[in-house]
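Q: Here's a sequence, model it:
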Amino acid sequence: MSILHSNTPLKPAYVDLHIHSTASDGSLSPAEIIETARKVGLRAIAITDHDTVEGSVEALRHQDSSGVEILPGIEISVSFDSGTMHMLGYLMRLDDVSLGQTLKVVQEARANRNLEIIRRLQDVGVDISYDEVLKVSGGGQIGRPHIAQVLVHKKAVQTIDEAFNKLLKKGRPTYVERYRLLPVEAIQTILGAGGVPVLAHPFTLNAKTEGDLDRVLADLKQAGLKGVEVYYPGHGPELTALYERLADRHGLLVTGGTDFHGMVSPGVHIGIGRGDLRVPYRLVEELKQSATSGLP
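A: Here you go, the predicted model:
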């Protein structure tokens, strides 16, 4: 099976609502993602790059000729003490002024963080420069995966996982915290642009019990959360069932996607994840019903 896509086309009733492009830390351009989605028979996709809508803007330029429906999307990293929280947004007005201003602040914080990470790597004896990382990014928004790719290329580590485990993840010598929105700020930013805020891959919250996760979802729902990413390659049958149950309990939409990054995460394929993921198109219809952006 190709790293980029399965050789067996999917039925057009399936979608992938969590994909990263070269606008953030994916290895495929929006156009390449759309072509891959078309080849495997997906009916709709969302490009959900980290803290930027540039991937969605570019993808929408190709929608009419591709036959694949494009949902505007984003993934925003937010502050959460006990784990990692990401907020997906769908169907926003991509030209919304407030959305743009908020993302500019987040992007500047990300850029400053990258410079500090590179400085710390240099301080511990790693031969790396910002220009090398920028070249790997292809001109898109730089993130730690790009730094990890340079470290592998320069043989400072053997794999991207090793780069994170030894140097780049929290608690390691070159890790740098950065400014993040509060969950309510991310939710309100998405809602303010007419979009639908959805909690991404809940397992990264590191909730110890169902009750703990239930309380988090109750708080997020009160802040305006509209959905939960239930179908995801990292969710086994038990977690999927748990998140379905919690979504139903709180009256939240269900979404799903592969979190595809291309070569950065080999083994995860557009539309099918690690081989068995199937996300039905009806979830797109439900998202549209919840959106207030005026999009079709």
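
Q: Need the pLDDT of the residue in the chain sticking out farthest from the centre.
A: Computed with Cα atoms, centre = their mean, the residue of the chain farthest from its C-alpha average is residue 125, at 31.7 Å. Residue 125 is assigned a pLDDT of 94 by the prediction.

Q: repeat for the one 4 residues further on
A: Looking at residue 129, its pLDDT reads 94.

Q: Please name the nearest non-neighbouring residue to it.
A: Nearest residue to residue 129 in three dimensions, chain neighbours excluded: residue 118, at 7.2 Å (Cβ to Cβ, 6 or more residues apart in numbering). Any C-beta I mention is one placed from the backbone N, CA and C, and that applies to glycine too.

Q: tell me the secondary structure for the one you found?
A: At residue 118 the chain is in helix, as set by DSSP: H, G, I helix; E, B strand; the rest coil.

Q: Tell me if I'm right that it and residue 128 touch.
A: Yes. Under the criterion of Cβ atoms under 8 Å, residue 118 makes contact with residue 128 at 6.0 Å.

Q: Are there residues contacting both of these two? Which ones?
A: Between them, residue 118 and residue 128 have residue 147 as joint contacts when contacts are counted by Cβ atoms under 8 Å, 6 or more residues apart in numbering.

Q: neighbour count winner among these two?
A: The residue with the greater number of neighbours, taking residue 118 and residue 128 and applying other Cβ atoms under 10 Å, is residue 118; the counts read 21 against 18.

Q: What separation is there between that one and residue 192?
A: Using Cβ to Cβ, to the nearest Å, one obtains 34 Å as the distance from residue 118 to residue 192.

Q: same check, this time on residue 79
A: In this structure, residue 79 and residue 192 are 19 Å apart, going by Cβ to Cβ.

Q: more crowded one of these two?
A: Neighbours per residue (other Cβ under 10 Å) separate residue 79 from residue 192, with residue 192 holding more: 17 against 13.

Q: can you tell me the helix or strand for the residue nearest to the more buried one when sequence neighbours are not counted?
A: Closest residue to residue 192 in three dimensions, ignoring its sequence neighbours and counting by Cβ to Cβ, 6+ apart: residue 98, at 5.3 Å. Assigning secondary structure by DSSP states H and E places residue 98 in helix 97-123.
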